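**Student:** predicted model and sequence follow; I will ask about them next.
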There are 2 protein chains.
Amino acid sequence: MTLPDSTSATLQLGACAIVGQPAATIDTPALMLDLDAFERNLAQMQQAADRAGVQLRPHAKAHKCPEIALAQIARGAAGICCQKVSEALPFVQAGVRDIHISNEIAGAAKAALLARLARHARMSVCVDDARQVAALAQAAAQAGSHIGVFVEIDVGQGRCGVADAPAALRLVQAIGAHPQLAFRGLQAYHGGIQHVRDYAARRQAAADAAARTATIVAELAEAGVACATVTGGGTGSVEFDLKSGVYTEIQPGSYVFMDADYGRNDYGGALRFEHSLFIATTVMSVAAATRPSPRVVLDAGLKSMAVDSGLPLVWGANGQDHALAYVAANDEHGIVEPVPGTSAAGLPGLGSQVLLVPGHCDPTLNLYDEIVGVRGQAVDSLWPVSARGLSR
Amino acid sequence: MTLPDSTSATLQLGACAIVGQPAATIDTPALMLDLDAFERNLAQMQQAADRAGVQLRPHAKAHKCPEIALAQIARGAAGICCQKVSEALPFVQAGVRDIHISNEIAGAAKAALLARLARHARMSVCVDDARQVAALAQAAAQAGSHIGVFVEIDVGQGRCGVADAPAALRLVQAIGAHPQLAFRGLQAYHGGIQHVRDYAARRQAAADAAARTATIVAELAEAGVACATVTGGGTGSVEFDLKSGVYTEIQPGSYVFMDADYGRNDYGGALRFEHSLFIATTVMSVAAATRPSPRVVLDAGLKSMAVDSGLPLVWGANGQDHALAYVAANDEHGIVEPVPGTSAAGLPGLGSQVLLVPGHCDPTLNLYDEIVGVRGQAVDSLWPVSARGLSR
């Protein structure tokens, strides 16, 4: 079958928003960023790092967006972290010149891409096995580039990373045997700490991880190995990591957006970030709004949000809407009900825009191709999520 | 900053696989389709529909891939379903000429796109509110096209759809008032039935939904309204829907892939579909393989799979690998441990490829830009997931 001549003119998907449009009228589902809150989050984290004399290297796995990385660097960030080699590619293309892959990599294709990227930017990566070092050396030799290497140590998560200083030392020596690889220091990250709800318990867990890191740094120093950089920390632990005296660099990512899950942490200290990222949705059915179990249906479900860390919150004009609950996500539908004890009369009407705070920002971002930046109730900018889906 | 001249030549992400490559060596994470199993699934469903004299209109929300839609149509499918208007766009562009949007839509942008698509393909959509009918009529008038309209009835899910025949009749009359809209029949779908594990309980639930549908069809007939098409049914209920005598068309989607969640259903009848879709992953760290809680780390986590319906299964050479369990998904990492009682010696080594059966195929597919088709251990084809992310 062939299409009529008019196809190319009419068969295009328009943008979900245009600059200047009222935010309340954009096509949904769409990711909406409150630019004022976002900029306050950026400034707060940079100031905290500056005060502590610690380098900020924000994690781009949270936003996958070169515009945001460049905004972070413009405010003082040393560069960015990525979690996958392919994820780094659009950032290098956009002009980011210092990227740490905060992860181990496996496979010749990934090492080759990393070595190619290292011809254009200062690149580093983690290792926890001598075979990874050999693969990096071979790729760097082939590409004619230099790659920085961090030894990852396991500080309690039981995921990646070597267990102790002797194992780290063996890797440092393996790295030193290759002229195109340079040992940069240690990565010490504990993902499990980040979402410990209680403030004191989270502080203690971060202190335990920092103590473990300090021990290994000291043991390496005794063996004559200096760790120029000790990198780690996330949005949940960064307040403690900055004061630890161990970390020279922090890697928080989610602070730019603050998702519902991070919002459930108890923050006793000075650092409090704001929800800046929302899923804009529309009520597409009110057929069940007047039945015994009153509810309305939004146009955003599992393909528009990650639910691994819980369902999204309904957001109102003045913060969380405590009268409405998003109670179930189907593939393309979201069910919103009145919170028990509140009236069904408060349910939004057909065609109404409803904003949600995603449960978990990182995998939610990974579902969208663009972020709609909003300021003063109007669309200010459209930013491509250039690294969306780049998980290799 | 400007990039060196060599940038455009070297800063490209290669394909995750090339045709002819051994499947075991592709870059990961990647979606891998066993083409033989996939084709057996297609044939089995089409034959079942043909035997029952019921039209098959497979749901493209499961695969979002025009190559697969065209394969379904070539075997006898009447067209496809999509769940969102934007999702239909790449299928129309690929030559699919009969698409039912099995959902309500809200917002002028969506109605306008649907009306434009209707200039190129036979399009239909669901309604459960008279305001939706008015919006469709306006868009069709503006585009100069005709749109088929189904009245959705709620047969027990409590999501979209009107509750009874009088409400349906009012919508049929509203549709009839607009010359560019045509009433096509009823949609009666109950998503909650599809995953009822017990065969007899699922059969009973499907029978209840079919009985409710038959009652409304009869009441509409008494009022002089004929329902030319009654569409509904999914992979979990289709065996019963085909025999119900009520449905003239079925809409299954997941049968092409069969995910781990659908695999947990008890199938007492004749229709049994095979797992054809896998997430190809690579072991990226074995640092914790010899510790007290032995484990290895895969390069695929929450950004490479949906976990709303459970974690993926580890797949071996002869079906599920019952010695290994994928026990936790972090954003970009997957933790694999030996099943209690089995030896850690069976853990895969660094760099090994591990195949997973996703817990839920629809939102997993929505994370990938391509499907790697495999036949006889070699890459046979690369199919774009053209509707990935098209949730508007």
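**Tutor:** Structure received. Numbers count the residues shown, from 1 in each chain, chains lettered A, B, ... in the order given.

**Student:** need the strands for the stretch 101-250 of chain A, in chain order.
**Tutor:** Ranges of strands within the stretch 101-250 of chain A are A:122-127, A:147-152, A:181-187, A:229-232, A:249-250, based on DSSP state E, counting those that start in this stretch.

**Student:** so which of those is nearest A:V379?
**Tutor:** Among the strands of the stretch 101-250 of chain A, strand A:249-250 comes nearest to A:V379, with 32.4 Å by Cβ to Cβ. To be clear about C-beta, it is placed using only N, CA and C from the backbone, and glycine gets the same treatment.

**Student:** next SSE downstream of the closest one?
**Tutor:** helix A:260-263 (DSSP states H and E).

**Student:** quick one: the helix or strand following that next one near chain B?
**Tutor:** Once the chain leaves helix A:260-263, the next helix or strand it forms, by DSSP H and E, is strand A:277-285. Yes: residues of strand A:277-285 contacting chain B under Cβ under 8 Å from any Cβ of the partner chain: A:282-285.

**Student:** now a PyMOL select for only the buried ones of the residues you listed.
**Tutor:** Command for PyMOL, covering only those of those found buried under the criterion 16 or more other Cβ atoms under 10 Å in any protein chain shown:
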select buried, chain A and resi 282+283+284+285
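
**Student:** just to revisit the earlier point, save the strands of the stretch 101-250 of chain A as a markdown table, and put in distance to B:D27 and mean pLDDT too.
**Tutor:** Shown next, in a markdown table, are the strands of the stretch 101-250 of chain A (distance: least, Cβ to Cβ, whole Å; pLDDT from 0 to 100):
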| stretch | distance to B:D27 | mean pLDDT |
| --- | --- | --- |
| strand A:122-127 | 16 | 98 |
| strand A:147-152 | 19 | 98 |
| strand A:181-187 | 22 | 98 |
| strand A:229-232 | 26 | 98 |
| strand A:249-250 | 29 | 98 |
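
**Student:** can I assume A:L31 is in contact with A:D369?
**Tutor:** No: A:L31 is not in contact with A:D369 according to Cβ atoms under 8 Å; the separation is 9.2 Å.

**Student:** what do these two both touch?
**Tutor:** Common contact partners of A:L31 and A:D369 (Cβ atoms under 8 Å, 6 or more residues apart in numbering or on different chains): A:V385.

**Student:** more crowded one of these two?
**Tutor:** A:L31 (27 against 15; other Cβ atoms under 10 Å in any protein chain shown).

**Student:** can I assume that one sits in a strand?
**Tutor:** Yes: applying DSSP: H, G, I helix; E, B strand; the rest coil, one finds A:L31 inside a strand.

**Student:** mind listing what the closest residue to A:V19 other than its chain neighbours touches?
**Tutor:** Closest residue in space to A:V19, ignoring its immediate chain neighbours: A:V379 at 5.4 Å, by Cβ to Cβ, 6 or more residues apart in numbering or on different chains. With contacts defined as Cβ under 8 Å, 6+ apart, A:V379 is in contact with A:17-23, A:26, A:372-373.

**Student:** same deal with A:P90?
**Tutor:** Counted by Cβ under 8 Å, 6+ apart, A:P90 has contacts A:66, A:386-387, A:390.

**Student:** how about a cut-off of 7 Å?
**Tutor:** By Cβ atoms under 7 Å, 6 or more residues apart in numbering or on different chains, the contact list for A:P90 reads A:66, A:386-387.

**Student:** mind telling me what element the residue nearest to A:E274 when sequence neighbours are not counted is part of?
**Tutor:** With Cβ to Cβ, 6+ apart as the criterion, A:E274 has its nearest non-adjacent residue at 4.3 Å, and that residue is A:A37. Here A:A37 sits within helix A:35-52, counting by DSSP H and E.

**Student:** for that helix, packing partners?
**Tutor:** strand A:55-56, helix A:238-243, strand A:370-375 (3 or more Cβ pairs under 7 Å, 6 or more residues apart in numbering or on different chains; DSSP states H and E).

**Student:** repeat the analysis, applying 10 Å as the threshold.
**Tutor:** strand A:55-56, helix A:66-74, helix A:238-243, strand A:249-250, strand A:277-285, strand A:370-375, strand A:378-384 (3 or more Cβ pairs under 10 Å, 6 or more residues apart in numbering or on different chains; DSSP states H and E).
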